[in-house]
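1. Return a 3D structure for these sequence lines:
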Amino acid sequence: MSVLTIDAGTTVIKSVVFDDQGNETAVSRSATPVLRPHPGWAEQDMDAVWRAVVHTVRDVLTDLTDPVRLIAFTAQGDGAWLVDDHDRPTGPAILWSDGRAGALLTTWQHDGLLDAAFRRNGSLTCAGMPNALFAWLAAHDPDRLARSTTSLTAAGWLFLRLTGIRATDESDASAPFLDHTTGAYDPAILDLFGLTDHARLLPTVLTEDQRTAELTPTAADQLGLPAGLPVVMAPYDIAATARGVGVVNPGQACSILGTTLCTEIVRTDIDTTGEPSGVTIAYRGRDRVLRAFPTLNGAEVLGWAARLLHLPGPPELARLAFQAEPGAHGLTFLPYLSPAGERAPFLDPGARGSFWGLSLDHTPADLARAVFDGLSLVVRDCLTAARTDVTELRLCGGGANSDAWCALIADATGVPTARSGDTEIGAKGAFLTGLVRTGAVSSLHRAADTYVHVQRRWQPDPERTAFYAALHEDFLTWRGLARTAGWRTTATWRPDSTTRRTHPAEQPAPGGIRV
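-> Residues are numbered from 1 along each chain as shown. Next up is the predicted model:
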């Protein structure tokens, strides 16, 4: 018997088949473009996402001889996937990476609302979360909110198409509204953001033992599968990925080196102390949470750097980068290139990238090395913000294919790193969840021990770790200067104007070349 899994990422939909030993036997992928109709916006056609799911499922089943015993899926999180009372989209999905509510977020931060919400549930709101999007829509597109009955996530949208049920799981519901002590939405957080009237949009929250339903005849016909198959909604992608690399017990950690550079640690308690940072995700009932730092800047930074240096892609960038010395001969890179700024381990919608210390002596290899060093120091930054002892950091995502980067992260963090033998980690997490939820395996811990295998490990070099500890201090200093200077100028070229307008407070600080 086979298990069919679906991993609906932001830019790629994947369907993966696993056999009874947990081996990947077939994979199909389909690109799903992100629409950017205005600067800072990030949207997707919800029907196009479903069509991509149908395409990859049918494709992956083409040569399959074993019958499918269950479907388990995961998907990108956050955002607002709004539907009406006929289960139809009221417009494009607004994604987790959308930045249109950035100005609102700045106001909330200034007024102390973000801090107050974090003190209740351990999650710091970012621009792509439902509370920010509801408030933005209420101000700029109230008609769409009025036409909408439910705000789903990508996983909720797929669960609706597969089973006909409107719902979300606790991981997707965690930020920003969940009360982790009860598993229900917290009315105080809704009231805090002035969204009590929009509570009607929030879907039913399903607990771990409620997230299994049957495949409807309509969906079965579209997918080419028998109706009535069990369908399991796994946690959203970053949580499913943690499960997929075997991070299920307190103190275990992983970093996803993908679209988001997400570092996450399993805890037994909710930490609402310290500087507000990251999100706290319900992970296993009331006794496990995932402390996660999903950055807005990850693999796209590598693609940008490769284009800047006229290289085919990130693999070639890595080969160039590791020709240079650690520290890139004094060149430091702040990798905040997302138009939406940054959300973890700090929140600043205006964050922008910088090269610091650049001179005529620096080579393309130094620039490439600075990019990898900068991203690795972000991982260290997140582990520091987690304030949790970690003994091993498991790496996954496209970036983990680079042995050199895996070794660099061990050096930069001082934590041993390890890479899983699987390639489709989010799908593997959905696979493990599906087995547990359908009773094939007794616990998530046992499922991870049985089906997750480490391919390779790296130990940190003490001398390099000491070097990167000092470099991290420099990194934080440059970041502080950049934030104080307003990150960038507001000067722009406009063909219909002869005036360049720059606010004095936003002039670049000396020594910084702005990206």
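
2. Tell me where the model's unsure across the chain.
-> Filtered on pLDDT under 70, the chain yields the residue ranges 489-515.

3. what does the domain assignment say about it?
-> Using automatic domain parsing, the domain parsing of the chain gives 2-244, 246-421+453-515.

4. now the ones you listed in JSON lines, with mean neighbour count and distance to Arg437?
-> Using the backbone N, CA and C atoms, a C-beta is placed for each residue, glycine as well. Supplementary listing: the domains of the chain in JSON lines, determined by neighbours: other Cβ atoms under 10 Å; distance: least, Cβ to Cβ, whole Å:
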{"stretch": "domain 2-244", "mean neighbour count": "20", "distance to Arg437": "5"}
{"stretch": "domain 246-421+453-515", "mean neighbour count": "19", "distance to Arg437": "12"}
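
5. Let me know which of these is the nearest to Ala427.
-> domain 2-244 (3.9 Å; Cβ to Cβ).

6. all helices for the stretch 51-200 of the chain, in order.
-> Remark: helices of the stretch 51-200 of the chain, listed N- to C-terminal, are 102-111, 113-121, 130-140, 142-147, 154-163, 170-173, 187-192; assignment by DSSP state H, counting those that start in this stretch.

7. Now render those helices as CSV, adding distance to Thr62.
-> Supplementary listing: the helices of the stretch 51-200 of the chain in CSV, determined by distance: least, Cβ to Cβ, whole Å:
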stretch, distance to Thr62
helix 102-111, 44
helix 113-121, 44
helix 130-140, 38
helix 142-147, 39
helix 154-163, 20
helix 170-173, 31
helix 187-192, 46
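
8. between the ones you listed, which one is nearest to Leu337?
-> The stretch from the helices of the stretch 51-200 of the chain with the least distance to Leu337 (Cβ to Cβ) is helix 102-111; that distance is 15.0 Å.

9. In contact with Asp59, which residues are there?
-> With contacts taken as Cβ atoms under 8 Å, 6 or more residues apart in numbering, Asp59 has the following neighbours: Ser15, Ser28.

10. 6 Å - rerun?
-> By Cβ atoms under 6 Å, 6 or more residues apart in numbering, Asp59 lies in contact with Ser28.

11. ok, now Ala412?
-> Taking Cβ under 6 Å, 6+ apart as the definition of contact, the neighbours of Ala412 are Ser376, Leu377, Arg380, Tyr468.

12. In helices, which of these appear?
-> Counting by DSSP state H, the members of those that fall within helices are Ser376, Leu377, Arg380, Tyr468.

13. Name the nearest residue to the last one, ignoring sequence neighbours.
-> The shortest distance from Tyr468 to any residue that is not its chain neighbour, by Cβ to Cβ, 6 or more residues apart in numbering, is 4.4 Å, and that residue is Ala412.

14. quick one on the thing from earlier: with respect to Val441, which of the domains of the chain lies nearest?
-> With Cβ to Cβ as the criterion, Val441 lies closest to domain 2-244 of the domains of the chain, at 10.2 Å.

15. Quick one: end-to-end distance for the closest one.
-> Across domain 2-244, the straight-line distance between its terminal residues is 17 Å, by Cα to Cα, to the nearest Å.

16. From the chain's centroid, how far away is that domain?
-> Counting by Cα atoms, centre = their mean, to the nearest Å, domain 2-244 is centred 12 Å from the centre of its parent chain.

17. Correct me if wrong, but Thr25 is in a strand.
-> Yes - applying DSSP: H, G, I helix; E, B strand; the rest coil, one finds Thr25 inside a strand.

18. I'd say it and Val16 touch.
-> No - Thr25 is beyond contact range of Val16, at 8.6 Å (criterion: Cβ atoms under 6 Å).

19. So what's the gap between the helix or strand containing Trp304 and the chain middle?
-> Here Trp304 sits within helix 299-308, counting by DSSP states H and E. Relative to the centre of its chain, helix 299-308 is centred 18 Å away, using Cα atoms, centre = their mean.

20. For it, which helices and strands make contact with it?
-> Here helix 299-308 is seen to pack against helix 314-321 when contacts are counted using 3 or more Cβ pairs under 6 Å, 6 or more residues apart in numbering; DSSP states H and E.

21. Ala52 and Arg58, how far apart?
-> Ala52 sits at a distance of 11 Å from Arg58 (criterion: Cβ to Cβ, to the nearest Å).

22. repeat for Leu137
-> As for Leu137, its distance to Arg58 is 35 Å (criterion: Cβ to Cβ).

23. Nice, that's everything, thank you.
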